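Participant: Got a predicted structure plus its sequence, pasted below:
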Amino acid sequence: MKWKAVLLVGILLASVLGAGCMGTSSTSTTAPTQKEVTVKDFAGRSVTVKAPVQRAVILSTSALEVVQLLNASGQVVGIPAEAKGDAFLSAELKNKTVVGRRLKIDDWEKVIALKPDLIVNLYLKKFYNVDEFLNRSASYGIPVVMLREDRLEDVPKAVELLGKLFGKEKEAKAFEDYFNEQVKEVRAIASKIPAGERKKVVMIQPIMGKLYVVNGNDVLAQAVRLIGGEYLVNITVKGYTPVRVPMDKEKVIASYGDADVVILLTSAVTPYEKVEELKKEMLGDDAWKQIKAVREGNVVILRADMSRESFLRWSPRMAVGIWVIGKAVYPSYYPDWEGKAKEFLQKFYPFLS
């Protein structure tokens, strides 16, 4: 009888272990098969990447917002320090390893330890040595895809590119369709604004005690033109067209006295309260009142920082940003944008809505 009992226990133990092994096998996940794809990035470079990317280092917060929108946060291993302050990014992304700041890598050894199969950065030669960066990454065998933040229409194109690389084409297509529909709706409204009601607009961003005028090549100026306004600033300095131009009060007044609307912008380093102070100063200053918009009280504050209330930066947020600018310039033609913001967040950033 004893041997029968021992045999029974052995059978039961084998059954339990077998069930455990089966359960482990059924819930295990395997990494998707990667294949080489060649894409052209925003700098015109042909880049070969193993897709879908599984371990990406991303040095731009706007690109991080795109990856999050694509539901690919789990495929990111390295981020810039600025990501910590971006209210549109989840805790999951903010807790990734910080490898650099301002488009630069602080510690390449830390990057190598992460074993990335892709680095995503911005092609901005004014901010860092792009060639040196590309040479360094190539020496470690890490492909780099460059984005640019020059044009409004490049927002859905960036989503499409990263969607292809991260294996999220379906999610990318959903955003592209949504973004293009917003642009179509805005253009339809703009087409109904009579020529005699077209507004002349200038944007000013105070940063660390100085005034910066938003230039005509900036994505926000492009949005002004999209919603039916005329943007007044178009400055080239020694063959270069910066997106922000430092300008003192006297020159702003002398240059843009016929502006119908002045938009004051917050920034990552300029809180809303500081911009409110500037608005109050302008409305109570006879010199500033030489500008038509100030004289008539058409000075509007909009958020262009990294807060949750800000939709005015090159990123998927501009799907709402164009409505924000439309309402600021033509309040009687454009609807309140809060409804658009709620819809956008529910669709693409549900953890924020």
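Facilitator: Arrived safely, thanks for sending.
Participant: Which neighbouring residues are in contact with residue 159, exactly?
Facilitator: Each residue near residue 159 by Cβ atoms under 8 Å, 6 or more residues apart in numbering is listed here: 66, 69-70, 172, 175-176, 179, 316. (C-beta placed from N, C-alpha, C; glycine too.)
Participant: right, I mislabeled it, should have said residue 221
Facilitator: By Cβ under 8 Å, 6+ apart, the neighbours of residue 221 are 203, 214-215, 231, 233.
Participant: One more pass at 6 Å, please.
Facilitator: By Cβ atoms under 6 Å, 6 or more residues apart in numbering, the contact list for residue 221 reads 214, 231.
Participant: Which secondary structure state does it sit in?
Facilitator: Here residue 221 is recorded as helix under DSSP: H, G, I helix; E, B strand; the rest coil.
Participant: same check, this time on residue 245
Facilitator: The local conformation at residue 245, judged by three-state DSSP, is strand.
Participant: correct me, but it touches residue 210?
Facilitator: No: using Cβ atoms under 6 Å, residue 245 is not in contact with residue 210, being 10.8 Å away.
Participant: Which one of those two is surrounded by more residues?
Facilitator: Neighbours per residue, other Cβ atoms under 10 Å: of residue 245 and residue 210, the larger number sits with residue 245, 18 against 10.
Participant: quick one: least confident helix or strand in this protein?
Facilitator: helix 2-27 (a mean of 37; mean pLDDT, DSSP states H and E).
Participant: Grab the nearest non-local neighbour of residue 315.
Facilitator: Nearest residue to residue 315 in three dimensions, chain neighbours excluded: residue 62, at 4.1 Å (Cβ to Cβ, 6 or more residues apart in numbering).
Participant: Okay, now the sheet partners of the longest strand that the chain contains, with direction.
Facilitator: When the chain is parsed with DSSP state E, its longest strand is strand 200-207. Here strand 200-207 is paired, per DSSP bridges, with strand 210-214 (antiparallel), strand 230-231 (parallel), strand 261-265 (parallel).
Participant: So what touches the second one?
Facilitator: This points to strand 230-231. Residues contacting strand 230-231 (Cβ under 6 Å, 6+ apart): 198, 200-201, 216, 221, 224-225.
Participant: now do stretch 50-59
Facilitator: Stretch 50-59 has contacts (Cβ under 6 Å, 6+ apart) with 32, 34, 36-37, 64, 75-78, 80, 99, 103, 111, 115-121, 165-167.
Participant: so of these, which ones are in helices?
Facilitator: Members of these lying in helices (criterion: DSSP state H): 64, 111, 165.
Participant: now, which of the residues you listed sits nearest residue 327?
Facilitator: Taking Cβ to Cβ as the measure, residue 327 lies nearest residue 64 of these, at 27.5 Å.
Participant: can you count the residues close to the closest one?
Facilitator: If you count neighbours by other Cβ under 10 Å, residue 64 ends up with 27.
Participant: Next: residue 184.
Facilitator: Residues near residue 184, counting by other Cβ under 10 Å, number 9.
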